[in-house]
Every structure is written in C-alpha cells, then in structure tokens.
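Asks: need a structure here:
(chains A and B, ligands or ions: 2)
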Protein chains: 2
Amino acid sequence: MEGVVDHLAFERNKAQFDVEEMKIVWAGSRQALEISDKMARLVASDPVFKKDNRAMLDRKELFKNTLRKTAYAWKRIIELRLSEQEAAMLRFFVDQPAFTDLHWGMFVPAIKGQGTEEQQQKWLPLAYKMQIIGCYAQTELGHGSNVQGLETTARFDPKTDEFVIHSPTLTSSKWWPGGLGKVSTHGIVYARLITDGRDYGVHGFIVQLRSLDDHLPLPGITVGDIGMKFGNGAYNSMDNGVLRFDHVRIPRNQMLMRVSQVTREGKYVQSNVPRQLVYGTMVFVRQTIVSDASTAMSRAVCIATRYSAVRRQFGSNNGGIETQVIDYKTQQARLFSLLASAYAFRFVGEWLKWLYMDVMKRLQANDFSTLPEAHACTAGLKSLTTSATADGIEECRKLCGGHGYLCSSGLPELFAVYVPTCTYEGDNTVLLLQVARHLLKTISQLGSGKKPVGTTSYIGRVEQLMRYRSNVQKGEDWLNPNAVLGAFEARAAKKVVLCAQNLSRFTNPEEGFQELSVDLVEAAVAHCQLIVVSKFIEKLQQDIPGKGVKQQLEVLCSIYALSLLCKHLGEFLSTGSINPKQASLANDQLRSLYSQVRPNAVALVDAFNYTDHFLGSVLGRYDGDVYPKLYEEAWKDPLNDSVVPDGYQEYVRPMLKQQLRNARL
Amino acid sequence: MEGVVDHLAFERNKAQFDVEEMKIVWAGSRQALEISDKMARLVASDPVFKKDNRAMLDRKELFKNTLRKTAYAWKRIIELRLSEQEAAMLRFFVDQPAFTDLHWGMFVPAIKGQGTEEQQQKWLPLAYKMQIIGCYAQTELGHGSNVQGLETTARFDPKTDEFVIHSPTLTSSKWWPGGLGKVSTHGIVYARLITDGRDYGVHGFIVQLRSLDDHLPLPGITVGDIGMKFGNGAYNSMDNGVLRFDHVRIPRNQMLMRVSQVTREGKYVQSNVPRQLVYGTMVFVRQTIVSDASTAMSRAVCIATRYSAVRRQFGSNNGGIETQVIDYKTQQARLFSLLASAYAFRFVGEWLKWLYMDVMKRLQANDFSTLPEAHACTAGLKSLTTSATADGIEECRKLCGGHGYLCSSGLPELFAVYVPTCTYEGDNTVLLLQVARHLLKTISQLGSGKKPVGTTSYIGRVEQLMRYRSNVQKGEDWLNPNAVLGAFEARAAKKVVLCAQNLSRFTNPEEGFQELSVDLVEAAVAHCQLIVVSKFIEKLQQDIPGKGVKQQLEVLCSIYALSLLCKHLGEFLSTGSINPKQASLANDQLRSLYSQVRPNAVALVDAFNYTDHFLGSVLGRYDGDVYPKLYEEAWKDPLNDSVVPDGYQEYVRPMLKQQLRNARL
Ligand SMILES: Cc1cc2nc3c(=O)[nH]c(=O)nc-3n(C[C@H](O)[C@H](O)[C@H](O)COP(=O)(O)OP(=O)(O)OC[C@H]3O[C@@H](n4cnc5c(N)ncnc54)[C@H](O)[C@@H]3O)c2cc1C
Ligand SMILES: Cc1cc2nc3c(=O)[nH]c(=O)nc-3n(C[C@H](O)[C@H](O)[C@H](O)COP(=O)(O)OP(=O)(O)OC[C@H]3O[C@@H](n4cnc5c(N)ncnc54)[C@H](O)[C@@H]3O)c2cc1C
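Replies: Ligands and ions are numbered 1, 2, ... in the order given. Predicted coordinates for the structure are as follows:
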C-alpha cells in the first residue's frame, strides 16, 4: 500500500488465508468494499483533508479548519455527484466530528420520522441541499437521561396560532447539542407542549435559531459553545452548544405532527400513525453506533497489532534480535481478545442492519410484535459494544507502551473522541436497566403462554436451561459452537431467573428493581453477550468463500466467546453452567487459539483495509516504518520552533542564576 | 469552605462520624494535615497558580505558563523559607507536570543513590539550589522496559581520561525523559559502558546538555521536544525530550561510581558497596507512586460523589423533586467501590513508607534478607494501584454523565495526566510478571526450608491454605476480617500453587513461564490484592480516635474486599476458596454496606480536604453550586469571542447560499 519498503512483509507472508477475500467479508460485500476503498483513497490523497496537525491547533484554528473541511467535502460530493452511500462514506473518512454529523444523522432523520408528509416536503429539500443546517436540541443542563423531565416549554397561543418557546429556568438551557453552538440555522427543539391549560409532555419542534442573512441569533435566542471537551483535537472540532429561549414564537405548523397534533383551536389530538414509529428511529441510530463501535475498535486494534509486530523488547542476551512483543502471551491475550471483539461487533452490527429493515417492514404492516424485543436488543448492544470499545481503545494504547501516549500514535485522540459514545444516545447503565426490565417482562409473561421472540427466544426454553450442565470434557470440545451457546444461554437464563426470583420477595416491585439493579445489569450484560456470540456463530453457518477465511473467523469466534467466559467466570460457575474443570479447559484452549491467530494477526488487521490517513498513527503505519517517522514527527511540535524555549529569559535563567528575587514573575 | 451558600449542607448534616478526625487519618497525622492544608491554601489563593484556563492554552502558551509557575513556586519556597516537606507539598498542589518533577524526583535521588560521596558533594549543592537542572535520561526510542537493551554507548578513552557518549543508531536516541526537551542543563544518562575492550552493560553518567550561559545545547548534542501527548493541558506542560549524542566527551568522574568504577587505566572494578542499594531507590519511587494513586483516585471520587449528590434524574412523575443519582444502587456500586479503593490505597501507601524505611535500615546493617520481597511487593502494588486508579478515574467521569466529558469537570485532564503512570517506572504487565517470578521462587524454596517473609509469609502456610474452605454461613460473617483474609489468602495461594504445578510439566521452565504468563499475572494480582486488603485490616487494628471514624473505615474496608471478591469471583470459586452460596451472601452484604456508606459519602470525600483549586472541577465544587458555574464557564471558550464564528463567511455562508462552486476553499 503506502510504503516503499514493507517492514511487515515477513508478517504478511505468514498469513494462512486470503486477505482480499477477508476484506470483502469485513466490508459486507464486494461493492461496499469498492466504495469504501474509493472514498478512503479520495480523502487520503487530498491535502485539504490532512489531519496530522490536529492535536496542535488551538480551538479556534481547529474549528475553522473543520468548517473548511466540511464545506470542501460537500463541494466534492456535489462535483463528483456522489451517491448518498458514497457521500456518507466520504464524510466518515474525513474523520473529524462536525455539525454535519448531526445534520445528517439526527436532524434529517427526526423530520423524516416525526414530521408529517407536508412538513417533510417543506423541510427535507432545504436540508438535503444544506440551505438550512439543523441540529438536535434535546438535552438540557438539568436533564439528559430523563427526557420526560425536560423543562423548556412550548406554550400554544391560540390568538396568533403560534407556539411560544421559552426557557423558564437556568437548568432548562439546552446544553450539549452538536452543531448548535456556532453553526446550525435550525434545530429540532424538544419542549413540553402546553395547550388548552394542560402539559402534554415533551414534543419536538422545528425552530429557526439564526438568521439566514447574517447568521446572527434571532431575537430572544441566546446561543454559544459550551467549551472545551476531552482530548486535543477529538470532539473539540464540534460546536456542542448552549441555547436559551426568551419567549420565541414559531408557527403552529413547526411542531412535528406525525403522531400527535395541535389544532388551530389548541386541541391536542393523536393522529392514527402509531407512536411506536419513533422506536424505529432509535433502532436505526443505535444500529449505526454498533457498527461504528466495530470501526473504532478495529482501528485501535490495527494500530496496536502492527506496532506489536514491530516492537521488540527483551529475549536476547547476546546482542541478537529481540522478541517481538506480539509473541508474549500476555500481549496476545490482551490484544487478540480485542481483535476478536472487533470482528464480533462487525457481524452483530451487520445483523442489526437486517433487524432494522425487518422492524420497519413489520411496522409498515402494522405488526408491532417484535418491536419491544428489537428495541431492547439494540439498546443493549449499543451499551455492550460501546463500553467494550472505549475500554479496548485504552487497552490498545497501553499495549503500545510509552509511545502509545504520544498523539502521533493516534490512540489518545481515538479514545477521547470515542468515549462519549458510552453516554450519548442513552447512558450505558440506564440502557442496561431497560434491557433488564424487558427480560423480566419476558420471564413474567411466560406463564401466560406468550412466546419470547428473536434474541429472547432462548428464554422460552428456560426450564431446560435451568437444568443445563455443560458436557465439555476436553479442550477441543470448547470449539464446538453448541458447547459455547449452551453455556452462554444457561448463564443468561439462570441470571435473569435468579433476579426474577429475588425480586418476587419484595412487596413493592419497583423498590425491588432498584435494590437489585446491580444484579439486573449483570443479567442484561449476560443476555447481550449471548446475542453477540450467537450472531457470530450464525455468521459462520453461512457460506464464506476464500482460502482459509472461514477458519480464521472460527478461531476468532472461539476467542471472543472463551475470553468472555474466562472474564465472567464467576457467573458461569455460580450458575452451575460449567464447572471449574471445564473452566480450566477453556483457559487452555484459549492459549492454543492465540497461537493459531499469531501468524495471521497482521493480515487480519490488514483486512480492515484502512489507509494510513484514516488510521492517523505513526505506530500503525502499514509499512511498519515506525522509528524514523516518530523521530520526524517530534520535530514538528511548535515547542521546537526555537532551540531555546520562549520563557527561558524570564523564568529559567533567573532561577539558574539565583536572580529570582528581583525577577518579575 | 469556599462557597457562600452550601448546596450540599443537607448531605453533610447526615454524616455519622467526625470529619475533622477523618481528615487527620487521611493525611497521616495532625501535623501532615496542617502542612498540606496550609500549602493547599497558599497555592489556591495565589492568582499566578490559576489553572482553570489550562485546557484552552496552546502548547507554547501552556509551556511558558508552566515555566512561570515553576519559577514563581521556587521563589515563594525561598522567600517563605519552606521546609523540604512543605516545598514538596507546595509543588504538589501547583498540580502541573514540570521539569522540576524529574529534577527533584529522579535526578537528585539518582545522584544520592548512585553517586560517590565526592560526587554527591559536588553535584547535590548545585542541584539543591537549582543552579543546574537535571533530568533522568534512560529510555530510548527502541528500548524502555528492557533497560539492558539500551544502545547509547559510553566508551572510555584512556588517552584523555574521558568517556565518549554516543548514539550509534536512530533507535538509540533518548526518548521520553521529562524536562529534557527544553529545560534541563544536565541529565543522568544511561549508556553501555565500554572499556578495556569490553561491554560492561548499562551504567549512569552525569552529562551536561546545555550551556549555562545561553542555554544552547553543547556541541555534539541534538535535543528537542517529542511532541504532543494525551489530553489538552495534562502532560503537555512537560517537555519530554529526544536527545542524540555525537561523540560527546565527559570527564571520567562523571560516571556514577558508587557501586562500580572505572580506574584511570580503564579497569572496571566493583566497589564494596552492595549493588542491591539501587533497589532501595526503586522501592522509594514506587512507594511514592502508590500514594499518588490514592490521591488521584480520591480526587476523581470526590468530584463524582459530590456531583452525584447534586445531580437529580428520574424518580418523580408529578413535577416533584427527582432522585439524586447517588441513590441509584448501580451508581453506588460503581462509586463506593472506588471510594473504598481510595482509602485502601492510602493505607497501603502509608505502610509502604514504613516498608521503605525498614528496608533502608536493614540495608545499612547489611541485611538483604527482606529486599527481594520488598521489591516484588512495591512493584506489584505500583502496578495494581495505578491500573485501578486509571480505570477508576474514567469510571468517575462516566458517572458524571455528559457533563463529565467537559474539561470544566476536571476529569478528562485528570485521566490524561494520570494514565502514563501505568507505563512509566515499569510497565504494569512487566511488573506483574516480576512479581509472579518472585512468587514462584518463594514456592520453590519452601522445600529447602526457606521461610517466606513479609507479605509472602502466608505462603508458608500453603498446605493448610490448599485445604481452605470458607466457613461463612450468613451475610454478616463476611464482615469478619478473618473470613475475608482467609478467602483472599486461599485464593492467592492456590493460584500460585496451580501455576507452579502447571509449570513443572514443561521441560524448559522459561518456555513454561512464557506459555503460562497470563495465569501468572492473575496469580500476581491475587497476591497484590491480598496485600492491600490485609494492610487495610491491619490499619483497623490500630487505635483510631474520633466519633464514628473507625466504623466508617470498617465499612469501607469490607466494601473494598467484597467488591474485589465479586469482581474476581471466578477465581474464588474455581479455587474452591468459597462456594456459590457464600458468593451470593457477599453480594447481598455488599448491597447493605452501600446503604451504610450512602449518608456518609459526601463527608467521606470532604475528609480528603481538597480545595476547589486543587480539584479543578465545576462538578466537584465544595458548595455543590454546579449549574450556574457550568453555564458561566462555557462563555469563556475562545469560540465565544464572537457571535458569528471565524470561518462563517468563507465556508458556511457559501454552503447555505449554494455558492460553493466558486468558493475558494
Ligand atoms: C459529546 C456529546 C454529544 C452530545 N450530543 C447531543 C446532541 O447532539 N443533542 C442532544 O440533545 N444531546 C446531546 N448530548 C447529551 C447526551 O445525550 C446526554 O449527556 C446523555 O443522554 C446522558 O444524559 P446525562 O448527561 O443527563 O447523564 P445523567 O443521567 O445525569 O447520568 C449521570 C449518572 O447517573 C446515572 N443515572 C441516571 N439515571 C439513572 C437511573 N434511572 N438509574 C440508574 N442510574 C442512573 C447514569 O448511569 C450516570 O452514571 C451529547 C453529549 C455528549 C457528551
Ligand atoms: C509520560 C511519560 C514520561 C516518561 N518519563 C521518562 C523519564 O523521565 N525518563 C525516562 O528514561 N523514561 C521516561 N519514560 C519512558 C518510560 O519509562 C517507558 O515508556 C516505560 O518504561 C515503558 O517502556 P516501553 O515504552 O519501552 O514499553 P514496551 O516495553 O515497548 O511495552 C510495549 C508492550 O510490550 C509489553 N512487553 C514488553 N516486554 C514484555 C515482556 N517481557 N513480557 C510481556 N510483555 C512485555 C508491555 O506489556 C506492553 O504491552 C516516560 C514515559 C512516559 C509515557
């Protein structure tokens, strides 16, 4: 790819599978690979999209540079007449959070999902051409997770046929919306609808925020940026904003009225469109987050794997060549379980795409039967994959030793930009509690004969699972998918049944839920891990072409499952799903699986097909030429502009010369 | 303390213990509390030490500001005639990494520990007055963990009685030393000593790097900063450096010659000072790191606890007051186990101080018997406490929801500045492997009748421990220190014995060690956790005055131990140390302990006695007045200097107006 001499060629030659075929598997299809490859190269080869100086810019420079990249990307999208899919890919490879993420990712989908036909016809063309730029203004200073607690009001004034949007308290200030601080001209603003003397709870409204002439905030609107966030570049290229309304008036028809409406007279009426439609949007957004998790995880793993093959430390006492750190078993255990997770999340993300389509098809046919399950499942997988990915990125950084701490490794940025995913679109703990509620409900409905569907269907076999004892007898038995599935199903089922039993001891079920919530979260995690494992296994039941490709995936699938089993061993043992002897066999088997991955490790991360531009990491360079480039990068730091640093005369010299007494400090 | 209205007064009133007495326990003594309190206030009240704009400065501004603070701090130290302890405290509360950390923390101790009397007399007075500034230049681009692999050479030239320091390869460039990049005039440089035709391995040399006249690098020396690191401010105030030597000559007497010397003729001779003395320095440095871990953890916990008491979310359907998030059991489980860890690390750190003194006393009496154990113990505790603290800080950030992601929360900075502790002074995995080696050796020597000492003495009871079965029968039994100690000892002993047994199956023990290294790391962690638990328990056997103080600590000790037990349940169960029923009782007991901590939580973090300046967090403010201050902080961001952002005319307007085609981007 990029380098002239390939320092990792000897690693690539070891691979026991067809990397090009694996690239297709990773991308999802040959066509998806071609598009992503084309877009990645387009971005990588264009100097406007350079990003290696990102950590060195101050906030204003960074922000201005982001505006430039965004405008330029849009220009290229138009010039090259890119398809929607291509445009999204291009934006993705630009790899810098910007207001467009919210415009395309939240503003447009909200209008599509919650706007009437008429509203869609009015607003979507403007949004599609970016004649207006929109954000998604839900969270407030005082309320994030609890959306029903939002304080902003939208009071209907029948005299003028308008809503009056107002921020009654300081804590009602909108706070966090991306793109709001400096750029958006419009926002979907969530506010309590008050009409006819009643508070109808939180609804969405399209509100113009800035003038389309001079970009100044409209009267009654106070808006700004909320300040620096984690990391150097990272999310600081985004203008997360604060917004206050002082009795701002909007026409009645700017309430999003697909599911409920306010009439000219101020009557609140429900439309005949099912409310559940909103869940469809959530399923969609969270499914994207899961697939982004696999991207972020794979990026970090790619960097750490390549560098671990370059880095040599110890193992030679006679001046000979040292051991590659990737050959240490501790390094392998940490790294390869994350490599396996990247693939696992990829496939569960792929499956979630299918699930979303399935849900939408059913909704159109007024079939809501799978919706609660699909909703719980995406909520849980969002939580599971983002938490694991955030931790995984930091682990990859540590796997790179000291050099991982440099911005030029790319890992600090990747971490800082990634971690809020654990919080937005639902705090991960709050989501797991929702999953737990769904599981309890599923259990409680068993009695009434309601058959659990989809990812909860194993709960229908609960009686059998309660008696489950693994029959693994030797290490290789753990390679059998049924052995793995059995253990994971038994553990999940027993955890949730145990919770339900403990809960029944409380007279007030809500109190019981609160009291047992730690156990409930564990049960939810067990359930979600089962989903990921089972979708990986299902993937392997498909036909997967390419020499050795399927074999590699089988190894990774076993690693994913068995490393989880070892990590959560307490639950597998205490539920009696497996016994200590079987645990020990799983541990031995895992070690041998690491050895099987070892020769394929570099090729397995090559299969992600990431350009050096996208990786943005000296340590993860395709050609492995790490040291000269690290050395080169160092000198670019602004501190190296002068040999003697600014401040020497005023502060260092007086110290050395014992002249501080008279120094002006 | 700082606020006028105390929004957390209602929480403080709930406390069931004497906070002032707890402050003394935390500080170590009344006198230590007084000094730290005085120094903290001194720093907090001085505008030069302001740090709330830290995340907004660019690298050069940040660095210059650090030079200023450092010079000013030194000036104040002299003016106020502060004692060594006070000076160290003052520097600590300035809370910004700087070259002085290395000067006082590594350069001076290295000369003290490895220099001859004569060398100490020459160099220490210069260093004490800061007439020279020193760094510690060990790590190279190619070698960090493997110190024996360093490539820089120091070749003795008998003609001139000098050493020639040279960087023979790119990878031999010194890389990482703090204070090196822009400030240090001198460094302790580690290089392979070559004399008399032989390579004697790595030794330390005092090398002048910059002219004391004009601060320019001396001839033959190339030196600079290695570039941006993780986080906004964080470690970027430090000039970690790169350094290359082109045949730089230094006088022979600048080799640190306490343990081995080169004679005028170039003969290498060992002095009669025992080599083991170097380990003393390591024990010292790592003991400091453990106590810093308790500081960093407590800081994060203080912020998250106060904010969790301020933050309300859900729990009211009728517009009434919502639930404080600290009342959710999931929040408590995550937060209180970290609160308990902060206290646990404090006490084990205190004990390590004692251990260091004990070791030094013995060394002076030529008693090396406890050194290997003390060395393994500090290595392990460094690893355990820093890993837990790094994870703990990030968990505290997540516990603050979205607002934790803002720099004004203080948590992103705290994380970014803390994480390298897991890597420097020994990579945490490499250290655990050292501990494991020591444990295996201890086991293997049992046969020859050698009695394990200190923290390994429980291994002397291994036969008894192998048969151990916990006799816990009801939840409260877990409050008995012996029940806890028994389970932790049994688990640790069984883990290490199991490793030793598995190892004996390999014909090549080194190969076996590599193959089983993941299990060995687990055994080492089990051993280290036992140390922390047992030192906490020992602390509680002392007399601790103050109403309710000891009771609170007992609760925290139980939480620390039982939450570890639940987290590592697989090991406790698979070793048969406890059974599933007992595990379930521990889980129940833990829940009830959280309820006991709950009313005391805010007071327990008040006991750390941190000023708002030191915390540097809007969310962690003593007075709990979070929202108005968050709002206020936002407007200080440079992006808010203008209402319409820089870049609007060039990039945003053309987009909105469909005029990108002709825009110059
Ligand atoms: C980078 C970033 C971008 C964002 N972009 C947008 C945007 O574009 N538009 C927008 O509207 N918002 C946005 N947000 C806001 C985001 O949606 C919220 O931060 C998120 O919903 C979490 O809510 P919170 O901050 O109120 O957390 P809180 O709910 O305050 O969480 C604090 C703690 O309380 C716990 N907790 C809360 N409720 C419960 C409960 N019932 N049971 C147990 N524990 C509980 C949580 O687990 C957490 O530990 C963004 C946030 C970030 C960080
Ligand atoms: C902020 C910061 C400040 C620093 N300050 C200084 C300073 O002032 N002076 C100075 O001299 N140095 C300094 N250092 C360097 C620091 O001491 C090294 O980074 C540290 O020793 C780790 O070594 P490494 O970077 O070579 O990691 P590596 O050894 O390259 O580690 C990479 C990976 O390999 C694994 N690994 C390595 N060896 C083994 C093994 N035998 N078995 C199993 N796994 C192994 C590690 O666990 C890790 O996962 C600093 C570093 C940082 C980040």
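
Asks: from chain A, which residue is nearest to ligand 1?
Replies: A:G144 (2.0 Å; C-beta to the nearest ligand atom). From N, CA and C alone the C-beta is placed, and that goes for glycine too.

Asks: Check whether that residue sits in a helix, strand or coil.
Replies: A:G144 carries the three-state label coil when classified by DSSP: H, G, I helix; E, B strand; the rest coil.

Asks: For it, which residues are in contact?
Replies: Residues near A:G144 by C-beta atoms under 8 Å, 6 or more residues apart in numbering or on different chains: A:176, A:427, B:313, B:401-402.

Asks: Which residue ranges of the stretch 301-450 of chain A form helices?
Replies: Counting by DSSP state H, counting those that start in this stretch, one finds helices in the stretch 301-450 of chain A at the ranges A:329-364, A:371-399, A:411-418, A:428-446.

Asks: My error: substitute the stretch 501-650 of chain A in the last question.
Replies: All helices of the stretch 501-650 of chain A, identified by DSSP H, counting those that start in this stretch, fall at A:509-515, A:517-541, A:549-567, A:569-574, A:580-597, A:601-606, A:612-615, A:626-634.

Asks: what's the fourth one in contact with?
Replies: Defining contact as C-beta under 8 Å, 6+ apart, one finds that helix A:569-574 is touched by A:487, A:491, A:495, A:522, A:526, A:565, A:577-580, A:583, B:566, B:568-574, B:580, B:583-584.

Asks: now that helix, how far from the centre of its chain.
Replies: 29 Å (C-alpha atoms, centre = their mean, to the nearest Å).

Asks: cool, the longest one as well?
Replies: In terms of C-alpha atoms, centre = their mean, the centre of helix A:517-541 is set 17 Å apart from its chain centre.

Asks: what is the orientation angle of that helix with helix B:549-567?
Replies: 20 degrees (axes from the mean of the first three to the mean of the last three C-alpha atoms, to 10 degrees).

Asks: Helix A:517-541 and chain B, are they touching?
Replies: Yes. Contact of helix A:517-541 with chain B (C-beta under 8 Å from any C-beta of the partner chain) involves A:517-519, A:521.

Asks: picking up where we left off before, pull the most distant pair out of the contacts of A:G144.
Replies: A:W176 and B:Q313 (14.4 Å; C-beta to C-beta).

Asks: Which one's more surrounded, the two?
Replies: Neighbours were counted for A:W176 and for B:Q313 using other C-beta atoms under 10 Å in any protein chain shown; A:W176 has more, 26 against 20.

Asks: ok, that one - contacts?
Replies: Counting by C-beta under 8 Å, 6+ apart, A:W176 makes contact with A:139, A:144, A:226, A:240-241, A:424, B:402.

Asks: Kindly give the local confidence score, pLDDT, for the closest residue to it other than its chain neighbours.
Replies: Excluding the flanking residues, the one nearest A:W176 by C-beta to C-beta, 6 or more residues apart in numbering or on different chains is A:T139, at 4.4 Å. We have a pLDDT of 98 for A:T139.

Asks: And chain A, what are its domain boundaries?
Replies: Domains of chain A are assigned by automatic domain parsing as A:117-273, A:279-606, A:635-665.

Asks: For ligand 2, find the nearest of these.
Replies: domain A:279-606 (2.3 Å).

Asks: Compute the distance between the residue of the stretch 501-650 of chain A found nearest ligand 2 and A:L338, please.
Replies: Using C-beta to the nearest ligand atom, A:L619 is the residue of the stretch 501-650 of chain A that sits closest to ligand 2, at 10.3 Å. Using C-beta to C-beta, to the nearest Å, A:L619 is found at 15 Å from A:L338.

Asks: Can you read off the pLDDT for the residue lying closest to A:Q331 once chain neighbours are set aside?
Replies: Once flanking residues are discounted, A:Q331 sits nearest to A:V325: 5.2 Å by C-beta to C-beta, 6+ apart. Note for A:V325: predicted pLDDT of 98.

Asks: coming back round to it: CSV for the domains of chain A, including distance to ligand 2?
Replies: Output for the domains of chain A, formatted as CSV (distance: least, C-beta to the nearest ligand atom, whole Å):
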stretch, distance to ligand 2
domain A:117-273, 15
domain A:279-606, 2
domain A:635-665, 15
